[in-house]
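Peer 1: Would you be able to build a 3D model of this:
(4 chains)
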4 protein chains.
Amino acid sequence: MPETVFEVDVDADIDEQPDPIVNRWHPDVPPAASVEPGETFRVEQLDWTGNQVHNDDSANDIRDMRLDPNHHLSGPIEVKGAEPGDVLVVDILDLGPFPDNEWGFTGIFDLENGGGFLTDHFPEARKVIWDFDGVYASSRHIDDVRFPGLAHPGIIGTAPSHELLDEWNEREQALINRGPEAETGVNHETREDQPPLALPPEPNEVLLGDMSEDEVEDAAEKAARTIPPRENAGNCDIKNLSRGSRVYIPVFVEGANFIVGDLHFSQGDGEITFCGAIEMAGFLDLQVDLIKNGVERMGTDYAMFKPGYQDPHFSEYIVFEGYSVDEDGTQHYKNANVGLRRACLDAIDYLTNFGYTREQGYFLLSTLPVESRIAGIVDLPNTCVTVSVPQEAFDIDIDPDTLTDEAGVADRGSVAKTS
Amino acid sequence: MPETVFEVDVDADIDEQPDPIVNRWHPDVPPAASVEPGETFRVEQLDWTGNQVHNDDSANDIRDMRLDPNHHLSGPIEVKGAEPGDVLVVDILDLGPFPDNEWGFTGIFDLENGGGFLTDHFPEARKVIWDFDGVYASSRHIDDVRFPGLAHPGIIGTAPSHELLDEWNEREQALINRGPEAETGVNHETREDQPPLALPPEPNEVLLGDMSEDEVEDAAEKAARTIPPRENAGNCDIKNLSRGSRVYIPVFVEGANFIVGDLHFSQGDGEITFCGAIEMAGFLDLQVDLIKNGVERMGTDYAMFKPGYQDPHFSEYIVFEGYSVDEDGTQHYKNANVGLRRACLDAIDYLTNFGYTREQGYFLLSTLPVESRIAGIVDLPNTCVTVSVPQEAFDIDIDPDTLTDEAGVADRGSVAKTS
Amino acid sequence: MPETVFEVDVDADIDEQPDPIVNRWHPDVPPAASVEPGETFRVEQLDWTGNQVHNDDSANDIRDMRLDPNHHLSGPIEVKGAEPGDVLVVDILDLGPFPDNEWGFTGIFDLENGGGFLTDHFPEARKVIWDFDGVYASSRHIDDVRFPGLAHPGIIGTAPSHELLDEWNEREQALINRGPEAETGVNHETREDQPPLALPPEPNEVLLGDMSEDEVEDAAEKAARTIPPRENAGNCDIKNLSRGSRVYIPVFVEGANFIVGDLHFSQGDGEITFCGAIEMAGFLDLQVDLIKNGVERMGTDYAMFKPGYQDPHFSEYIVFEGYSVDEDGTQHYKNANVGLRRACLDAIDYLTNFGYTREQGYFLLSTLPVESRIAGIVDLPNTCVTVSVPQEAFDIDIDPDTLTDEAGVADRGSVAKTS
Amino acid sequence: MPETVFEVDVDADIDEQPDPIVNRWHPDVPPAASVEPGETFRVEQLDWTGNQVHNDDSANDIRDMRLDPNHHLSGPIEVKGAEPGDVLVVDILDLGPFPDNEWGFTGIFDLENGGGFLTDHFPEARKVIWDFDGVYASSRHIDDVRFPGLAHPGIIGTAPSHELLDEWNEREQALINRGPEAETGVNHETREDQPPLALPPEPNEVLLGDMSEDEVEDAAEKAARTIPPRENAGNCDIKNLSRGSRVYIPVFVEGANFIVGDLHFSQGDGEITFCGAIEMAGFLDLQVDLIKNGVERMGTDYAMFKPGYQDPHFSEYIVFEGYSVDEDGTQHYKNANVGLRRACLDAIDYLTNFGYTREQGYFLLSTLPVESRIAGIVDLPNTCVTVSVPQEAFDIDIDPDTLTDEAGVADRGSVAKTS
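Peer 2: Residues are numbered from 1 along each chain as shown, chains lettered A, B, ... in the order given. This is a model prediction of the structure:
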């Protein structure tokens, strides 16, 4: 086991953690640890909500979630010798839950508190608890499903420079200023609510590691939220960033000062319920290296990666298709988001044939290793998106060729609700 | 070899084909052939442009393409006993080019004549010719690339009912009426042109099979263009609809009257250059069956499928990431299209490190079996899209870990231009 | 379609073929065709028995098979510039049955006429006919099985030199001289028959292409039978030598003079019934090249290959284990053959739980893409061999976890017998 | 983390372990732990040699290995309710090295002390130490190799009944009595030594768990060695018995009393060096269940399993072929062992082209996830065996198409020798 350079305590309050949690991007957060290129080390992590969710059968904790302090992340880790313009190379050697904490959760956020990709269809807070048995996940809230996870960190990112941070804040504020019409792929006339378009800096419950109190006050006004992925990678939520993969991330400050967290035991492409993967606390074993002047040499704007060799491989999928026509029948212009939504809704409807509730279906799409592909992007006005559901994740037969009318009467358990 | 129920002649003009070509969706096109459930049969097909593109080194034919008559399709094929509400089951048993016509093409359409996904970056007509050597494709216009194709029909769809056709026309006209602002993910201030938002019925060069001339005149006014996929499946351009896959499509008229065409030897997810797969003429061997009352029983709105077992499987990918910030730095709201665009642009830039021109890179993303996934759709305001390029499709080493400065000086040939 | 350099006629007698068939290895058989390095070309081939088996429901043709004239092969093909010591590189670009001849057969040879791996258990001639529907094979003689083939040539080999041919004859005759005890892994006391240990040159029904009659008389006395694989590759029966693979074979004579044939639509590892793959006539598209002085440069004694990317990939296997204790309870010493036999017998027994006869099981192991691995070879005295049966080749559920007592009462059809 | 029912201490002597080690099969060894069907639990294990090998650069420990006390195993574990005739179902949920002990070893045994599959070629004791970095293994003794392990227990087996134990002893003694000629596939005239044909009960250093001293004395005379796999599964050394797989093993005594151990971080098919996988100490998380009367219901003689979904998947292999002609040129009769030997020798020779010593090659074949298949077993007298080496396990390019004469001059380190 490599040396642990950042520790957490899943039973302690956030302000009593062994190492200081960070929940914003800012160039001046001092490193919590320092490593050499070539070094292998362990970073422990809280779940992204910082212990706000409990292993029980009530969704109250999801409903009452304080969102401002998320994500609860570990770092920054300084990589000695890293300079702006370098590329940080990170090998994800291993990861997993803590040995005595082998469970995870998935939530549907209430429409009033976060929402999700299909929030119009699933407006109320719900929760599912997962148990881990080695490589397998199963849930007491969804019967007859057991599958090998594709564990990965949802977040890994380098610290932004001041210039980059300013750019983020400017462009995101500009989006907010454009107003509701900037949200595309919805029928604004019938839409009941208006979600936030972006999350501007939020001084409430800001955590900036070991930064001094004075500095925090200033920094909190511009430190970027960790929800979106950006040029520093960050919250990419890429399910294939799994064991054995290698990530390349641009460096913007001396030392790279990268931060990690938001561990997932498994996630479907899209992570559609928002609190959407199988969220867990745990450890991440990493090895780092540097490509000097890599940004110019590689010539790319964003992070890149090479996947590992051990993603679960299934051979039997059911694939659902969606196009850019929304549920109200409104035609959108080559909108992949609408295509994804329609394919997901079809998949959810299909799973009801086997006794799964629509909420269970929503959870399954968000957590199974579902593949969501942009099949055709040029066939105006309809982009085609496909959502591939692995049959082998189910203990029961969900093949369309053996579908019988009896299947749907089965009881597959129920998800946790609010009280 | 199963019996051929629809023949084409790649050397004959469109109006002298052995069986009548169809290029619009309309309920009243009479079947060109009739098959029984359980039957296996062959359907021949022209390339989607109806022989407009030649195996030469000039992109003039791409530039001068007449778009109104596309796609040139084969059918309708009546399936006896099919009724509205049934689901048509189609097994794709085999497909390929004609034995004496083993080549294909990929085009970049001129900005003024069709355009493509990255048309702002690649505004001029270009062409690449591919040669097929059994399972492999290679091109005299792009050196050091050779890969196994993932052949599939771009189009397979059932005839719409009159009601469904009306619905299509209404919703697509409504989109056109909304005007340029309906196009999202672009900076309208800097955009030079405005592409069509949808393609309304176009009586010019309409082909409705054996429909009588009188009927054609009426039908042409409302027959739907074949560019977008819709409830009848149609032009889905799903690369995984390959040999051995099984498709489930709703039936809207007696006999189902399905139409196929737009054969691809290979395609990347997205088919981003628009004329974008390796386009070819060839044959398709199918077996059909029916699920009576399947639409209600399966409960889904759109087509579904199960992939085959023989898609090429690679283990070494380079994966590029893109988020919803466009090239001008404008922030968009969870826009997967923008994410795909940025990931594609990064991939194209990356390939220039090895001597490929940006145009060659654009072609490669459109034709290699590239995987384009919507990784995270909820991390407002940035959707993360990944574009996975199979390293094994290249004869040269494109791994980031062995990237040297010398690589970029290589000459990898050049694509066909206009004269 | 590449140019055909060797033609066959599945309806003509052997002595009336368009190009002369060859059924022995000999250095002096004159080339039937000549190709350049880099050239792509087609070679047609009879099934290995030279049309002796018919698409009917009687195994009489298997029982009465004349074995002396097998295999019926195509070539030799001269590769210009090839010299002894070079390595011939062959790309298998494509292969398949003839369009109007899309069927194949598998036979169990009678104990008195060829036998097979489990001949003690299956002593009587039997036959199964397969129909090809594109990538899929199914049989009217075995119900509820349909799977994608992994087509490959059973035989591809270069002409031996005189010296090498002498060496073959000497060492094989020495084996024959050692007598029955040279057969290991059987209980000689209880064994009823004694199969031939090797097949010495057999002048009866020898076919040596265009060699003159005078020469044939001499050559027939020493020309080697084509049954075993040897230094020239030959009858390797490697199922993974499939579309897209590349083979490296030593060259022993000027021009390499390679011969191909014994096409298989599919085969399980081991090809255990002997006439054991899904045997077919058809075509093979090849591209050849040379590595000059490759034998010394590569430093290997035997042929090598790189597989293609399109072998069917399954994810659900049932794996049977076998060790070196024979069915009589006799302990053998690290004998992989006995291990394979026991694993096969267990698999056959297991399949009877689902209504398959033991003969059907034997055929299935010989034709499905079964993986047979030598798991452990050092654990004296028991070698462990595993036989992996792909569940997805069956339309019914053969999973041990859902095994019910009712499964076995099903009727899955019956194989063809003798009359 | 499931409850640990069997503990070991890698720093303690064998007679001071927390739970009593067992190293023989005998029906009367009392259970060390007891579990219920459905229960999940952890079993800790020493490496198979019981701490005899050290993490250093000398092979003296391999040379001086005491073989009589191997394997050092954990158990027996009683499964409540298990009866003879049942089938024990074991899910391998997870396994790995101990967190503070992340290394393993591979040895070549001296010809005089154990030997190995290619002992005539590699007669001297050698050792390689491997370091584990998450999913990856690499070695300071073999440069430029780094690959994801396919971890598995080499041994899992149920206790034999007295009757079964007698049968084992009888048949193995009969083999010994047959004498050296029972070893096939070797040239007895030139063979220098004669390895043991089987390992009869050996009272020296016998460990029978908590059995009383009096009982041990009797039991030791007939307790079976753990080297060979047998009807109770035992030392199968199947590399695919990895995370997520499910094993079915016959039960012979009340409680099943199964024993596990011999953990491998990775192994090639065959485990050819004998001490041949990457051997390690570590933990195994299991879940057990019972199929009542399963032996009769399933109808098989030996153990079966279903693999998991997470074996490393590579797409680029180099495949070596071997036939039943030994290195002296002697022809053997359809002998798969000889075929495997020749293919391995060719692979070893091939790897010398890249600077690897032949000893390093031998180690690599034994430890990389190499696939060794019996391709054709019926082509008398030559069985064809293939050995597939994954190219992606190497950091350098070992493709035959890019082989240069310079490659071989590289220095890839050296294995540990004796002093």
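
Peer 1: that's a helix at A:Asn240, yeah?
Peer 2: No - A:Asn240 is assigned coil when assessed by DSSP: H, G, I helix; E, B strand; the rest coil, not a helix.

Peer 1: quick one: what helix or strand has the residue nearest the centre of chain A in it?
Peer 2: By CA atoms, centre = their mean, the mean C-alpha position of chain A lies nearest to A:Asp237, the distance being 3.9 Å. Assigned by DSSP states H and E, A:Asp237 falls within no helix or strand.

Peer 1: Tell me how far it lies from C:Val253.
Peer 2: 61 Å (CB to CB, to the nearest Å). Backbone N, C-alpha and C define where each C-beta goes, glycine included.

Peer 1: if we can go back for a sec, which residue, other than its chain neighbours, is closest to the residue nearest to the centre of chain A?
Peer 2: B:Gly376 (3.3 Å; CB to CB, 6 or more residues apart in numbering or on different chains).

Peer 1: hang on, the one you found packs against B:Thr386?
Peer 2: No - B:Gly376 is beyond contact range of B:Thr386, at 9.5 Å (criterion: CB atoms under 8 Å).

Peer 1: Check the contact lists of the two and give me the overlap.
Peer 2: A:Ile238 (CB atoms under 8 Å, 6 or more residues apart in numbering or on different chains).

Peer 1: more crowded one of the two?
Peer 2: B:Gly376 (33 against 27; other CB atoms under 10 Å in any protein chain shown).

Peer 1: Provide a list of residues in contact with that one.
Peer 2: B:Gly376 neighbours (CB under 8 Å, 6+ apart): A:Gly154, A:Pro229, A:Asn235, A:Cys236, A:Asp237, A:Ile238, A:Gly270, A:Glu271, B:Thr383, B:Cys384.

Peer 1: Just the C-alphas of whichever helix or strand A:Leu88 is part of, formatted as PDB.
Peer 2: With secondary structure defined by DSSP H and E, A:Leu88 is part of strand A:87-97. C-alpha atoms of strand A:87-97 as PDB (Å, rounded to 0.1, in the frame of the first residue of the first chain):
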ATOM      1  CA  VAL A  87       1.100  18.400 -18.700                       C
ATOM      2  CA  LEU A  88       0.400  16.400 -15.500                       C
ATOM      3  CA  VAL A  89       0.300  12.700 -16.100                       C
ATOM      4  CA  VAL A  90      -1.700  10.700 -13.500                       C
ATOM      5  CA  ASP A  91      -1.900   6.900 -13.400                       C
ATOM      6  CA  ILE A  92      -5.000   5.700 -11.600                       C
ATOM      7  CA  LEU A  93      -3.500   2.600 -10.100                       C
ATOM      8  CA  ASP A  94      -6.300   1.500  -7.800                       C
ATOM      9  CA  LEU A  95      -9.300   2.800  -5.900                       C
ATOM     10  CA  GLY A  96     -12.100   1.500  -3.800                       C
ATOM     11  CA  PRO A  97     -14.300   2.000  -0.800                       C
END
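
Peer 1: Show me what counts as buried in the helix or strand just after that strand.
Peer 2: For strand A:87-97, the following helix or strand on the C-terminal side (DSSP H and E) is strand A:103-108. Applying a neighbour-count criterion of 16 or more other CB atoms under 10 Å in any protein chain shown, one finds A:Trp103, A:Gly104, A:Phe105, A:Thr106, A:Gly107, A:Ile108 buried in strand A:103-108.

Peer 1: repeat for stretch A:110-121
Peer 2: So for stretch A:110-121, counting by 16+ other CB under 10 Å, buried means A:Asp110, A:Leu111, A:Gly114, A:Gly115, A:Gly116, A:Phe117, A:Leu118, A:Thr119, A:Asp120.

Peer 1: List just the nearest of the residues you listed to C:Asp301.
Peer 2: A:Phe117 (59.4 Å; CB to CB).

Peer 1: For chain C, what's its nearest residue on the stretch 201-350 of chain A.
Peer 2: Nearest to chain C, among the residues of the stretch 201-350 of chain A, is A:Ser315, at 4.0 Å (CB to the nearest CB).

Peer 1: In three-state terms, label that residue for me.
Peer 2: Of the three states, A:Ser315 takes coil according to three-state DSSP.

Peer 1: How about the one 5 residues further on?
Peer 2: Local secondary structure at A:Phe320 is given as strand here, using three-state DSSP.

Peer 1: And for it, the neighbour number?
Peer 2: Counted with other CB under 10 Å, A:Phe320 comes out at 28.

Peer 1: can I assume it is in contact with A:Ala343?
Peer 2: Yes - shown here, A:Phe320 and A:Ala343 form a contact pair, counting by CB under 8 Å, at 4.5 Å.

Peer 1: from memory A:Met211 sits against A:Val29, does it?
Peer 2: Yes - A:Met211 is within contact range of A:Val29, at 5.5 Å (criterion: CB under 8 Å).

Peer 1: Settle it for me: which of the two has more neighbours?
Peer 2: More crowded of A:Met211 and A:Val29, by other CB under 10 Å: A:Val29, with 25 against 22.

Peer 1: circling back to that earlier point, thought the residue nearest to the centre of chain A was touching A:Pro229?
Peer 2: Yes - between A:Asp237 and A:Pro229 there is a contact under CB under 8 Å: 7.4 Å.

Peer 1: Between these two, which contacts overlap?
Peer 2: B:Gly376, B:Asp379, B:Cys384.

Peer 1: Unless I misread the structure, A:Asp218 falls within a helix.
Peer 2: Yes - assigned with three-state DSSP, A:Asp218 falls within a helix.

Peer 1: Provide a list of residues in contact with the residue of the stretch 201-350 of chain A closest to chain C.
Peer 2: A:Glu392, B:Tyr309, C:His313, C:Phe314, C:Ser315, C:Glu316, C:Glu392.
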